[in-house]
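Q: the sequence isn't on hand, but the structure is:
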């Protein structure tokens, strides 16, 4: 199993970025996928998730600004982030959810997002 994030970078406040997570080594369509983030000096924060059926969930602070989606044909999950704020600065990780264990079992290496003027 491999999860590879990309798309991070430096963006001005109010700007947008789309993160991608390319999955391989498993049947992507059968698993829920989530995004979490970790800001400097802070703990891990769950951001959003998408089920194998395509149902989505968001942390309250991301609702209306972030959109999670998945492309089964490309084995990729996306996180579109709009109206970015300095407090969104963090390393963003995608990870796979195992429903039978009710836990996350594989994580990507992360991609850095910096929101600054």
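A: Received the coordinates, thanks. Since the structure is predicted, the reported quantities are computational estimates derived from the model, not experimental observations.

Q: please count neighbours and contacts with C-alpha atoms only from this point.
A: Fine.

Q: quick check, pLDDT for the residue of the chain most remote from its centre.
A: Largest separation from the mean C-alpha position in the chain: residue 117, at 23.1 Å (C-alpha atoms, centre = their mean). Residue 117 carries a pLDDT value of 94.

Q: correct me if wrong: it contacts residue 15.
A: No - the criterion here is C-alpha atoms under 8 Å, and residue 117 misses it with residue 15 at 10.3 Å.

Q: which residues are in contact with the least confident helix or strand in the chain by mean pLDDT?
A: Ranking every helix and strand in the chain by mean pLDDT, DSSP states H and E puts strand 103-107 at the bottom, with a mean of 93. The contact list for strand 103-107 (C-alpha atoms under 8 Å, 6 or more residues apart in numbering) reads 1-3, 93-98.

Q: adding distance to residue 28 and secondary structure, write those out as JSON lines.
A: Converted to JSON lines, the contacts of strand 103-107 look like this (distance: C-alpha to C-alpha, whole Å; DSSP: H, G, I helix; E, B strand; the rest coil):
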{"residue": "1", "distance to residue 28": "10", "secondary structure": "coil"}
{"residue": "2", "distance to residue 28": "11", "secondary structure": "strand"}
{"residue": "3", "distance to residue 28": "11", "secondary structure": "strand"}
{"residue": "93", "distance to residue 28": "17", "secondary structure": "strand"}
{"residue": "94", "distance to residue 28": "13", "secondary structure": "strand"}
{"residue": "95", "distance to residue 28": "12", "secondary structure": "strand"}
{"residue": "96", "distance to residue 28": "9", "secondary structure": "strand"}
{"residue": "97", "distance to residue 28": "11", "secondary structure": "strand"}
{"residue": "98", "distance to residue 28": "12", "secondary structure": "strand"}
